[in-house]
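Colleague: missing the sequence, but the structure's below:
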DNA sequence: GCGCTAACTGGCCGGCCGGTCAATTAGCTG
DNA sequence: CAGCTAATTGACCGGCCGGCCAGTTAGCGC
């Protein structure tokens, strides 16, 4: 079969440009990436990038959209397969989120660049996720399985932000004296976090 | 007195360039800043920037150095005026760190850009701070005033990272539904954190 | 006042940036 | 196979980027 493969395959070309662009943007941020460099890395002419995406800015949007869609879908899937609301599930959610970020380091950096740029485009969708999570926390609080004197959104925010920052600034704090591995840190964080959100008996 | 003021004042010029550069770098990151723009904003010729700092890259280093020095000095001062090690002091330290970041938003963004660039230059000095903080936690653990089953460095890391991320990604999560003010979030975080690091009675 | 140093200026440059365009060609439709 | 569409190419462009340099001038020691 297609041994000669098509000499032309627009979808594959688009995908190759997107993939390469994502890698470069993740690494260097929007303004540091040069289209000529991207073209070389993706083995494509510069003109072809413009043909498929219009401009550097639009390509950047496309990269962000795709990445954020993947992120959103993954998180939604996690939320939906959540079972009975109790403290143990909260722990598993934190672990799942932490491991998702560990396995998708590109997403973390992409979000970091996006935040610094002040792009609030993805906040709305993300707000849905947080809203759902917070509602879940509220239900669990009502059942007396989590401390009720804390804003549910803040519960979500605390663990999301800690996980995010852990991977976002990893290059920075991995050199701090006494800092442990991913798993060691997660375990210690969970000790503090779970103890902190569990009701006094 | 100097009503005519000097028509030349190298130190003031340097300072004006540094200040303006810091503002621009904080806002846009290194590669998005154009020297022509900086020159206009600082009311200085482009050549003068080169005269005083050599190159854009060296200017960036100078800006980072100065900002980090300020940060380091402020943190050291905080550490030194710390008194008797107990849980209440840990709480006050978190509050102090949180408020320092709130009052120095530029530093947060500068560090964020720096982390993304992979610059580990400031990690060493920062390591000292964390090391000192961790040692303080360890002492307090030994006295039975903090849970002893957690890596002291991780205790520091958890609160530093949460505070950092709160301000770093503020533009992002401030639109999340149910998210409270700076103070409300800090209070809830402290509820979780302090409860989590206090020993079981 | 004289002369030296360094702060400061304006003009300029090579290079490359993002982007355009006319021409070519692969692949599908009928 | 003809004819059309769109993927793809390479040559090219205007603009501006960071950086340089020759020249001017303020300030300071003598």
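Modeller: Great, that's in hand. If you're wondering where the values come from, they're calculated on a predicted model, not measured in any experiment.
Colleague: contacting residues around residue A:55?
Modeller: If you count contacts by Cβ atoms under 8 Å, 6 or more residues apart in numbering or on different chains, residue A:55 has none. C-beta: built from backbone N, CA, C; applies to glycine.
Colleague: go on, residue A:162?
Modeller: Applying Cβ under 8 Å, 6+ apart to residue A:162 gives the contacts A:189, A:193, B:158, B:161, B:162, B:165.
Colleague: cool, residue A:189 as well?
Modeller: Residue A:189 is in contact with A:94, A:159, A:162, B:154, B:158, counting by Cβ under 8 Å, 6+ apart.
Colleague: Now do residue A:98 against chain B, distance only.
Modeller: As judged by Cβ to the nearest Cβ, to the nearest Å, residue A:98 and chain B stand 13 Å apart.
Colleague: thinking again about what came up before, got a markdown table for the contacts of residue A:189, with secondary structure too?
Modeller: Below are the contacts of residue A:189 laid out as a markdown table (DSSP: H, G, I helix; E, B strand; the rest coil):
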| residue | secondary structure |
| --- | --- |
| A:94 | helix |
| A:159 | helix |
| A:162 | helix |
| B:154 | helix |
| B:158 | helix |
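Colleague: neighbours around residue A:86, how many?
Modeller: Residues within reach of residue A:86, counting by other Cβ atoms under 10 Å in any protein chain shown, total 12.
Colleague: Return the per-residue confidence for the residue of chain A found nearest DNA strand D.
Modeller: Residue of chain A nearest DNA strand D, by Cβ to the nearest atom of the strand: residue A:47 (2.9 Å). Note on residue A:47: pLDDT of 97.
Colleague: There's contact between residue A:64 and residue A:117 in this structure, I believe.
Modeller: No - counting by Cβ atoms under 8 Å, residue A:64 stays clear of residue A:117, with 9.8 Å between them.
Colleague: Out of those two, name the residue with the larger neighbour count.
Modeller: Between residue A:64 and residue A:117, counted using other Cβ under 10 Å, residue A:64 has the larger neighbour count: 21 against 18.
Colleague: Okay, the more buried one and residue A:20: tell me how far apart.
Modeller: Plainly put, residue A:64 is 15 Å away from residue A:20 if you go by Cβ to Cβ, to the nearest Å.
Colleague: Name the single longest helix found in chain A.
Modeller: helix A:56-80 (DSSP state H).
Colleague: In terms of secondary structure, what does that helix contact?
Modeller: If contacts are counted by 3 or more Cβ pairs under 8 Å, 6 or more residues apart in numbering or on different chains; DSSP states H and E, helix A:56-80 sits against helix A:10-28, helix A:46-53, helix A:87-103, helix A:105-117, helix A:123-142.
Colleague: so which of these gets nearest residue B:73?
Modeller: helix A:105-117 (25.1 Å; Cβ to Cβ).
Colleague: which parts of the helix or strand of chain A at the bottom of the mean pLDDT ranking are buried?
Modeller: Least confident helix or strand of chain A, by mean pLDDT, DSSP states H and E, is helix A:170-173 with a mean of 89. By neighbour count on 16 or more other Cβ atoms under 10 Å in any protein chain shown, the buried set for helix A:170-173 is A:171, A:172, A:173.
Colleague: Could you export these as JSON lines, including distance to residue B:52?
Modeller: Formatted as JSON lines, these follow (distance: Cβ to Cβ, whole Å):
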{"residue": "A:171", "distance to residue B:52": "30"}
{"residue": "A:172", "distance to residue B:52": "29"}
{"residue": "A:173", "distance to residue B:52": "33"}
